[in-house]
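Colleague: Here you go, sequence then predicted model.
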Amino acid sequence: MVSLVDPWGIFKKSVVEVLESSFKNNNWSKPDKDFNFYIEVPPDSKLGDLSSTIAFKAAKILKEKPISIASKILRDYELNPNKLIERVDVVEPGYLNFYIKWSEYSKLVLETILNEGDSYGSSDVGVGKKVIVEHTSANPTKPIHLGTMRCAVLGDITARLLRKIGYNVEVQNYMDDLGRQVAVLAWGYQNLSGEIEKKPEYKDDYWLGLIYTAAAQKIEEKPELEESIKNILKKMEEGGNEYSDLVQKLVYMVVKGHLETAARMNIFYDLLIWEKDIVRSGLFKEALSKMLKSPHVYRIEEGEDANCIVIDMSPLGEPYKSLKKSYKILVRSDGVSTYTGKDIAFQMWKFGLAEADLKFRVFGVQKNGRILMETSQDGEANRSFGHADKVVNVIGYEQALPQQVVYQALKIMGYEEAYKNSYHLSFQWVWLPEQVAFSGRKGTWIGFHADAVLDKALQLAMEEVEKRNPEIDLELKKKIAEVIASGAVKFYLAKYSPEKKIVIDWKEAINFEGDSAPYIQYTIVRINSILSKAEHIGEPDYSLLKDETEIDIIRELSKFPSTVKEAAETYQYHLIPHYCLTLANKFNVFYHKLPVLKAENDALRAARLNLIKAVAQTLKIGLKDLIGIDIPVKM
RNA sequence: GGGCCCGUAGCCUAGCCAGGAUAGGGCGCUGGCCUUCUAAGCCAGAUGUCGCAGGUUCGAGUCCUGCCGGGCCCGCCA
């Protein structure tokens, strides 16, 4: 970490100091210690860079008109001015508007950005702490569809953001290789792989997905096939037989496909976790023995749930949320753990509250060079996994209640820290046109799986590149088209807030104009093109950057560190795409208005060159480092 | 029956948690800008009962209550 300058934060602090000292001066008391002086960004920069509505709030308590309170604050300020503040205006009926002293601020902002380089926006919030981000966790029976991709994109950005603010991040992908669905896949592979031809262009996950869907439909039609599925499930549980080997082989084929798809969007993982290994590691048994130490976890002796081990949720109020009973069953009367039980145990493992006999080995090397590990019976113990200080689970919104139950259970059992540091990053699924849900069983995913969307985007991007840059060679064209296509799709999944349902709209998903990744990519390429023509940069005089388009850019640039921090700490990852769009737009407005290379004099030319360099650099951090979208060399 | 989420122009969306000054963008539509740094861009224009009704407040898209519409969840299943 080089340095951690947050210019906007510094300006805001200056404003707070002005208000604070005036309060002290007038002997006004603050209503509470978190009192924030109601500082906000005015609707128009003509009304200041920051403003405060404190006078309205204080008016009630002091029984004085807002305008007179504001005037008193202004008077105090004028006796003790701040070097970053140009002036303070009092506006009817009582606003206090603070204006930045740009001659000082521009220099601070631009020098900070150019000095810090790629670390601009970094901070030390998470230094020395580890966070686990679990995402994707798709059923390994079919290719990833756009909904799962949204999960992956969301998780990926979360991981990148948390890394940016200093956390040691471990990205996990949890695979259910024991469920009924994989048994159905295995049955299909044995009985239907003859009729569903594997065409050369099919990826394994796509082909097996077709088989899975066909098998699921067949089984639905002929319930008598249920017997075979049960048989396969039994064999899978026993392990060490032809069925368990087959399932492992098929699941590996599918997951490799998932990883390839994710890699197309620059999404990578640190650890694959197989449910089978969790079950065999004895994790649940160990966790359960710890759970039983809590007075709220006990065996029910009689009644309909006799012989079940449960956790009493009534300390949270009875009944908790919409649960029908005041307790949740952790172990069934037949001694088998429930999903809730397993989830609690796994969450405990993530925090290092249960160790179990989990072993790890190398799965492979990813496109970005990072090694991907997996759990395995044949691996070795490795204490570097798990033991997190904070856990983010990126899981669909429909699991809001079960996730809450898991976290609340930690609290009830006395793991207060683990409870406080568990976060369910919930998101709405992607819907097919006409509000049809993605379904593996029904096969509605076919044609809308992530690879298909990316392929279609690639084809359209290629046409665009062909049209706009016919002179460049084919290899480069392909490379550029790929970056544009995957960027467009990833950005589409990233720009909406997670609780909004996305109904697939091809025009929006594969959009190269407007609020899109290519718009930002184009802006960076455009700046790089100017910079490459600049040859020399003289001595800049930043105080010459006086045009409102230049000021707008500097103001926006300076907000980057605080935006990153806010996005990471409040999990509002879509703030980053929006930030990039806003900054790119401000640059483009400036670009059309003022010349850079042919600026009136050398000092201004140098200042503008550094200004646009700072824009390109910040956009690159936002787009490439935080959203994980590459920048083409040419567009 | 209970709980959670969403409802902002023809379509998509930001703003809502921490209430303030003319509700920001994008797509689409109309018109303009490539003999000066890449037009995947920029400028101008039209399009809004912020789901509805109350309430709190000097002030409500934002907070509270009720309702309407849409999605989801409430199992010894996974």
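Modeller: Nice, thanks for sending it over.

Colleague: Might you enumerate the residues of the stretch 501-635 of chain A proximal to RNA strand B?
Modeller: A:501-503, A:505, A:507-508, A:511-515, A:518-519, A:522, A:525-526, A:528-530, A:533, A:566, A:570, A:572, A:574-575, A:578, A:581, A:585, A:588-589, A:591-598, A:634-635 (C-beta under 7 Å from any atom of the strand). Just so you know, the C-beta spots here come from the backbone N, C-alpha and C atoms, and that holds for glycine as well.

Colleague: Just the buried ones from the residues you listed?
Modeller: A:502, A:508, A:511-512, A:515, A:518-519, A:522, A:525-526, A:528, A:530, A:574-575, A:578, A:581, A:585, A:591, A:594, A:596, A:635 (16 or more other C-beta atoms under 10 Å).

Colleague: quick revisit: which of the residues of the stretch 501-635 of chain A next to RNA strand B fall within strands?
Modeller: A:502, A:503 (DSSP state E).

Colleague: where does residue A:23 land in three-state SS?
Modeller: Secondary structure assignment for residue A:23 (DSSP: H, G, I helix; E, B strand; the rest coil): helix.

Colleague: no, scratch that, I was asking about residue A:426
Modeller: strand.

Colleague: tell me which residues form a beta bridge with it?
Modeller: Beta bridges link residue A:426 to residue A:395, judged by DSSP bridges.

Colleague: Count the residues that sit near the residue of the stretch 251-400 of chain A found nearest RNA strand B.
Modeller: As assessed by C-beta to the nearest atom of the strand, RNA strand B sits closest to residue A:322 within the stretch 251-400 of chain A, at 2.6 Å. Residue A:322 has 6 neighbours, counted by other C-beta atoms under 10 Å.

Colleague: Single out the residue in the stretch 101-250 of chain A that lies closest to RNA strand B.
Modeller: For the stretch 101-250 of chain A, C-beta to the nearest atom of the strand, closest residue to RNA strand B: residue A:179, 4.2 Å.

Colleague: my guess is that residue contacts residue A:139, does it?
Modeller: Yes. Using C-beta atoms under 8 Å, residue A:179 is in contact with residue A:139, at 7.4 Å.

Colleague: quick one: buried residues of the lengthiest helix in chain A?
Modeller: If you go by DSSP state H, chain A has its longest helix at helix A:242-264. By neighbour count on 16+ other C-beta under 10 Å, the buried set for helix A:242-264 is A:243-244, A:246-248, A:250-262, A:264.

Colleague: Quick check: residues of the stretch 151-300 of chain A near RNA strand B?
Modeller: A:176, A:178, A:179, A:180.

Colleague: and the residue nearest to residue A:376 when sequence neighbours are not counted, what element?
Modeller: Nearest residue to residue A:376, sequence neighbours excluded (C-beta to C-beta, 6 or more residues apart in numbering): residue A:361, at 4.6 Å. Following DSSP states H and E, the helix or strand that holds residue A:361 is strand A:360-365.

Colleague: Tell me the helices and strands packed up against that strand.
Modeller: strand A:371-375 (3 or more C-beta pairs under 8 Å, 6 or more residues apart in numbering; DSSP states H and E).

Colleague: Just give the strands next to the strand it packs on in its sheet, each with its orientation.
Modeller: Strand A:371-375 is paired, per DSSP bridges, with strand A:271-274 (parallel), strand A:360-365 (antiparallel).

Colleague: highest average neighbour count across these?
Modeller: Compared across the strands paired with strand A:371-375, strand A:271-274 shows the largest average neighbour count, a mean of 22 (mean count of other C-beta atoms under 10 Å).

Colleague: Next SSE downstream of it?
Modeller: Taking DSSP H and E as the definition, the helix or strand right after strand A:271-274 is helix A:275-280.

Colleague: Please point out which parts of the next helix or strand after that next one sit buried.
Modeller: Moving toward the C-terminus from helix A:275-280, the next helix or strand (DSSP H and E) is helix A:283-291. Buried residues in helix A:283-291, defined by neighbour count with 16+ other C-beta under 10 Å: A:283, A:284, A:286, A:287, A:288, A:291.

Colleague: swap in stretch A:228-237?
Modeller: A:228, A:229, A:232, A:233, A:235, A:236.

Colleague: Take those and lay them out in JSON lines including secondary structure and pLDDT.
Modeller: Converted to JSON lines, those look like this (DSSP: H, G, I helix; E, B strand; the rest coil; pLDDT from 0 to 100):
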{"residue": "A:228", "secondary structure": "helix", "pLDDT": "92"}
{"residue": "A:229", "secondary structure": "helix", "pLDDT": "93"}
{"residue": "A:232", "secondary structure": "helix", "pLDDT": "94"}
{"residue": "A:233", "secondary structure": "helix", "pLDDT": "93"}
{"residue": "A:235", "secondary structure": "helix", "pLDDT": "91"}
{"residue": "A:236", "secondary structure": "helix", "pLDDT": "91"}
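
Colleague: now for the residues you listed, which pair is the farthest apart?
Modeller: A:228 and A:236 (12.6 Å; C-beta to C-beta).

Colleague: that older thread, any idea which of the residues of the stretch 151-300 of chain A next to RNA strand B has the most stuff around it?
Modeller: Neighbour max across those (other C-beta under 10 Å) = residue A:178, 21 neighbours.

Colleague: Just the pLDDT for the residue nearest to it when sequence neighbours are not counted.
Modeller: In space, and not counting its chain neighbours, residue A:178 is closest to residue A:275: 4.9 Å by C-beta to C-beta, 6+ apart. Looking at residue A:275, its pLDDT stands at 95.

Colleague: do residue A:31 as well
Modeller: pLDDT at residue A:31 comes out at 65.

Colleague: what's the answer for the one 10 residues further on, then?
Modeller: According to the model's per-residue confidence, residue A:41 sits at a pLDDT of 95.

Colleague: Let me see the contact set for it.
Modeller: A:49, A:50, A:51 (C-beta atoms under 8 Å, 6 or more residues apart in numbering).

Colleague: Compare those and tell me which has the most neighbours.
Modeller: Neighbour-wise, those (other C-beta under 10 Å) top out at residue A:49, 24 neighbours.

Colleague: can you pull the contacts of that one?
Modeller: Here residue A:49 is in contact with A:11, A:41, A:42, A:98, A:99, A:100, A:555 (C-beta under 8 Å, 6+ apart).

Colleague: how about a markdown table for the buried residues of helix A:283-291, with pLDDT and distance to residue A:458 added?
Modeller: Converted to a markdown table, the buried residues of helix A:283-291 look like this (pLDDT from 0 to 100; distance: C-beta to C-beta, whole Å):
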| residue | pLDDT | distance to residue A:458 |
| --- | --- | --- |
| A:283 | 96 | 42 |
| A:284 | 95 | 44 |
| A:286 | 96 | 48 |
| A:287 | 97 | 45 |
| A:288 | 96 | 49 |
| A:291 | 96 | 50 |
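
Colleague: Looking at those, which one is closest to residue A:381?
Modeller: residue A:283 (13.2 Å).

Colleague: Please spell out which residues along stretch A:604-616 are buried.
Modeller: Applying 16+ other C-beta under 10 Å to stretch A:604-616 flags A:604-616 as buried.
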